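>>> any chance you can model this:
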Amino acid sequence: MAGPSSEQRRSIFITGGASGIGRAVARYFGERDWFVCIADIDATGMEDTLGLISGGFKYSHLLDVRDRTAWDVALESAATAAGGRIDAMINNAGIGTGGPLSELETEEIDRCLDINLRGVLYGAQAVYPYLQKTAPNSALVNIASAAGITGGSGMSVYSATKFAVRGITESLDAEWAPDGIKVSSICPSFIETPLLNGTGNRKSNEMVRDRVVAAGLEITPVEEVAETIWKAIHGDSLHYLVGKTARDLNFAKRWMPGRVRKQQRANAGLLGR
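Numbering: from 1, shown residues only. Here you go, the predicted model:
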């Protein structure tokens, strides 16, 4: 049986597509015959991602998500390459920032806020007319985090952005409902991505991965995030949890908030520095 034509083939636009979650999502949707458009500031990484997708239904575009004008150029180019449509957009680009707030440089705070928060708002605003055209089966998926369920020591800035992403998702779920556009967030816990190999804080030389292992927390395969994003685009829930830590934390925060607070205080310094 012949595959869908370019006019019928659904397309997805993924930020942060050069590695990690973005790369896993690109591969997952490419294997399911979607036209995959990825964006990132890492041109070499994007080439590597596209090389992992068989077939010719793929496209990449350099994009700094902090640049609102660049968003319009990237989405117009991607839509043109994909046959004139964007059916789903994944606001995935993000960075980790950790450490005591008193020790963070202004540049660290601003960069995290600009990429993780401003980038999500700009992306949603820019992609809206494209998703409006492909509704009622179009979708916006924002990547939040278990850090958006509860804040922990040393995660004030990062948690602030991820709490905000969940709030943006809930607002747009209501705002775009009349258009038939689905909006959801994905809340992963610790995922097997290159972010685990960083320190999250320029004053620390200890990798995030080491702190996660020391705390006895699991590291979830990145493919589980891709599978969950597929479910989000085809489902009807608002927030999706990925990984045991995220599920357990969400349950405890709802039913045992005092216990969560006590545990976070006890863990101060273990994951925060």
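
>>> what are the ranges of the strands in the stretch 1-150 of the chain?
11-15, 35-40, 58-62, 88-91, 139-143 (DSSP state E, counting those that start in this stretch).

>>> relative to residue 124, how far out is the closest residue to residue 172 other than its chain neighbours?
Once flanking residues are discounted, residue 172 sits nearest to residue 183: 4.5 Å by C-beta to C-beta, 6 or more residues apart in numbering. For glycine as for every other residue, the C-beta is placed from the backbone atoms N, C-alpha and C. Here residue 183 is placed at a distance of 8 Å from residue 124 (C-beta to C-beta, to the nearest Å).

>>> for residue 237, same thing?
According to C-beta to C-beta, residue 237 and residue 124 sit 18 Å apart.

>>> and those two? Which one has more around it.
residue 124 (22 against 11; other C-beta atoms under 10 Å).

>>> which residues are in contact with the more buried one?
For residue 124, the contacting residues are 89, 91, 140, 142, 168, 172, by C-beta atoms under 8 Å, 6 or more residues apart in numbering.

>>> look at it and report its pLDDT.
Looking at residue 124, its pLDDT stands at 98.

>>> if we can go back for a sec, save the contacts of residue 124 as a markdown table, and put in neighbour count, distance to residue 111 and pLDDT too.
What follows is those, written out as a markdown table (neighbours: other C-beta atoms under 10 Å; distance: C-beta to C-beta, whole Å; pLDDT from 0 to 100):
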| residue | neighbour count | distance to residue 111 | pLDDT |
| --- | --- | --- | --- |
| 89 | 28 | 22 | 98 |
| 91 | 28 | 17 | 98 |
| 140 | 27 | 24 | 98 |
| 142 | 28 | 19 | 98 |
| 168 | 21 | 19 | 98 |
| 172 | 21 | 24 | 98 |
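
>>> for those residues, which one is nearest residue 44?
residue 91 (22.6 Å; C-beta to C-beta).

>>> my guess is the closest one contacts residue 121, does it?
No: applying C-beta atoms under 8 Å as the test, residue 91 and residue 121 come out as separate, 9.1 Å apart.

>>> tell me where the model's unsure across the stretch 151-273 of the chain.
191-219, 269-273 (pLDDT under 70).

>>> give me the pLDDT value at residue 8.
78.

>>> ok, now how distant is it from residue 253?
43 Å.
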